[in-house]
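Peer 1: 3D model of this:
(one chain, ligands or ions: 3)
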Amino acid sequence: VYILGIESSCDETAAAVVKNGREVLSNIISSQIVIHRKFGGVVPEIASRKHIENILPVIDEALRQANVKLEEIDAVAVTYGPGLVGALLVGVSAAKALAWANDKPLIGVNHLEGHVFANFLNDKDLEPPFMALVVSGGHTALLKVTDYNSFELLGQTRDDAAGEAFDKIARVMGLQYPGGPEIEKLAAAGDPQAIDFPRALLKEDYQFSFSGLKSAVINYLHNEQQAGREVNKADVAASFQEAIVDVLVQKSVHALQETGLKKIVLAGGVSANKHLQTALADAVGGIGASLVHPTPILCTDNAVMIACRGYFMYQNGEYSPLDLNAVPSLKLG
Ligand code: ATP
Ligand code: MG
Ligand code: FE
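Peer 2: Ligands and ions are numbered 1, 2, ... in the order given. Coordinates of the predicted model:
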C-alpha cells in the first residue's frame, strides 16, 4: 500500500510517499525557517503564500524520488488541523484536487497524531498500547495510544506549550527562531543547577503549565540587568531546559506508573532535544519501561508522519469526504 502524505500546517511544506505505513520511499521538506527568522517567528500570511508556491513542486519531487506514479498511490493523506488556517488550506486543497482527479481516497489526518506516528518509522516493532508525550511548538500533552486508531488524552498544558516556551525564552535572550535548538546548544556549556527555576503543577496529574517558568526566566534576566550583574546565558539556558525537562520526565513516569504501560514515545519538535531524550530514557528505564523517539528529521514537521498515520486510517477505512475543510484548532484524543 502506497500513501502520499501532504503537510502544510505551519512553516514546512512537505510531501512524502510511505509504503505499508513503515517504509519511507521519499521525504521532501521545504522549510520556510530562514524566511520567518527575520520576523522572530512564523508570519501566517507569508507562510500561506510560500506554501502555494511550493506545494506542487514538493509533491512532484516526493513522487519522483519514491519512483511511484500518482496512479499507483492508494490514498492521499493530508494534515487538516491543527495549525494556521491559511497554511492548512493549501495542503488540503492540493490533496482534495489530487484525490478527486485520480479517483483516490482522501484521508484527513490530525497533525498531532501524525507526530506520534513518526515513531513507527523509527521502531519497526512498535505497537500499541503505549504512552505518548506530545511536546511540540503548540502542544504539550500526555496521550494514551490504546490501539492504532484510538487515543485517550490524559492531560495537557493549561497555557504555553513546551516548544513555545523554548521559542519565547530564546527570543528574550536574543537567540534566533526557532529557539529550541539554540537553547539546547547554549545549554551544553551551562550549569543546569545554577538557577532554581520553578517546576509548576507537579501535584496535578497530567496537567502542565509553562507560563510561570517563562515569567521566572524573564524576571531573572531583568533583575540581573537592573542590578548591573553580568548574566551567564549558558547557565540560564541550561537551568531553564532542566526545569522543563524535569517536569516532562516526572509527569511521564507518573503516567506510566498509573497506567502500567511499559512503553512511551516522544512526539513533536521538542522530541529532538537530546537532554530530554536521555533524561526520559533514564527515568523510564528506572521503572522497567522504555522510550522510543523519532529520528531528528521526523521530530519536527514532515509528511512521512502524515502518510504513516494515513496508512493506519486507510486500513481502518477512515476516509474523508471531498468537502474536507481545515480545522485550525483540531483537538487531540
Ligand atoms: P504543533 O505540532 O503543535 O502544531 P509545530 O508544528 O509548529 O506545532 P513542531 O514542528 O512539532 O511544532 O516543533 C517545533 C518546535 O520544536 C519549536 O518550538 C522548536 O523550538 C522546538 N524544537 C525543535 N528542536 C528542538 C530542540 N532540539 N530542543 C527543544 N525544542 C526544539
Ligand atoms: Mg515548523
Ligand atoms: Fe508539528
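Peer 1: CA atoms for contacts and neighbours, from now on please.
Peer 2: OK.
Peer 1: residues from the stretch 51-200 of the chain in reach of ligand 1?
Peer 2: Taking C-alpha under 6 Å from any ligand atom as the criterion, the stretch 51-200 of the chain approaches ligand 1 at residues 82-83, 112, 136-139, 163-164, 166-167, 178-181, 184.
Peer 1: and if we set it to 5 Å?
Peer 2: Taking C-alpha under 5 Å from any ligand atom as the test, the list of the stretch 51-200 of the chain residues beside ligand 1 reads 136-139, 163-164, 178-181.
Peer 1: now for these, which pair is the farthest apart?
Peer 2: With distance counted by C-alpha to C-alpha, no two of those lie farther apart than 139 and 181, which are 17.2 Å apart.
Peer 1: Looking at the residues of the stretch 51-200 of the chain next to ligand 1, which one is closest to residue 303?
Peer 2: Taking C-alpha to C-alpha as the measure, residue 303 sits nearest to residue 136 out of those, at 15.6 Å.
Peer 1: list the contacts for residue 111?
Peer 2: By C-alpha atoms under 8 Å, 6 or more residues apart in numbering, the contact set of residue 111 is 9, 79-82, 306.
Peer 1: Sorry, slip of the keys, the one I care about is residue 154.
Peer 2: The contact partners of residue 154, taken as C-alpha under 8 Å, 6+ apart, are 141-144, 206.
Peer 1: now the helix or strand hosting it, how far from the centre of its chain.
Peer 2: Element membership for residue 154 (DSSP states H and E) is strand 150-156. A distance of 16 Å separates the C-alpha centroid of strand 150-156 from that of its chain, computed with C-alpha atoms, centre = their mean, to the nearest Å.
Peer 1: which of the residues in it are buried?
Peer 2: Applying a neighbour-count criterion of 16 or more other C-alpha atoms under 10 Å, the buried positions in strand 150-156 are 151, 154-156.
Peer 1: And for stretch 252-263?
Peer 2: Buried, per 16+ other C-alpha under 10 Å, within stretch 252-263: 252-253, 255-256, 261-263.
Peer 1: before we move on, what about stretch 90-99?
Peer 2: Residues of stretch 90-99 classed as buried under the neighbour-count rule (16+ other C-alpha under 10 Å) are 90-96, 98-99.
Peer 1: Any idea how many residues pack against residue 73?
Peer 2: Residue crowding around residue 73 was assessed by other C-alpha atoms under 10 Å; the count is 20.
Peer 1: Kindly report the same for residue 116.
Peer 2: Here the count is done by other C-alpha under 10 Å, and residue 116 has 27 residues near it.
Peer 1: and the host helix or strand of it, C-alpha only, in CSV?
Peer 2: Using DSSP H and E, the element containing residue 116 is helix 111-117. Extracted in CSV, the C-alpha atoms of helix 111-117 (Å, rounded to 0.1, in the frame of the first residue of the first chain):
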residue,chain,number,x,y,z
HIS,A,111,-1.2,16.7,12.7
LEU,A,112,-0.5,15.7,16.4
GLU,A,113,-1.5,12.1,15.8
GLY,A,114,1.0,12.3,12.9
HIS,A,115,3.8,13.4,15.3
VAL,A,116,3.0,10.4,17.4
PHE,A,117,3.1,8.0,14.4
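Peer 1: ok now it, how far from the chain's centre?
Peer 2: Relative to the centre of its chain, helix 111-117 is centred 7 Å away, using C-alpha atoms, centre = their mean.
Peer 1: cool, stretch 217-232 as well?
Peer 2: With C-alpha atoms, centre = their mean as the basis, stretch 217-232 stands 32 Å off its chain's centre.
Peer 1: Stretch 191-198 now?
Peer 2: Relative to its parent chain, stretch 191-198 has a centroid offset of 26 Å by C-alpha atoms, centre = their mean.
Peer 1: what does stretch 279-286 give?
Peer 2: In terms of C-alpha atoms, centre = their mean, the centre of stretch 279-286 is set 21 Å apart from its chain centre.
Peer 1: next one: stretch 23-31
Peer 2: 16 Å.
Peer 1: for stretch 183-190, same thing?
Peer 2: 21 Å.
Peer 1: Would you map the strands across the stretch 201-333 of the chain?
Peer 2: For the stretch 201-333 of the chain, the strands identified by DSSP state E, counting those that start in this stretch occupy 263-267, 290-292, in order along the chain.
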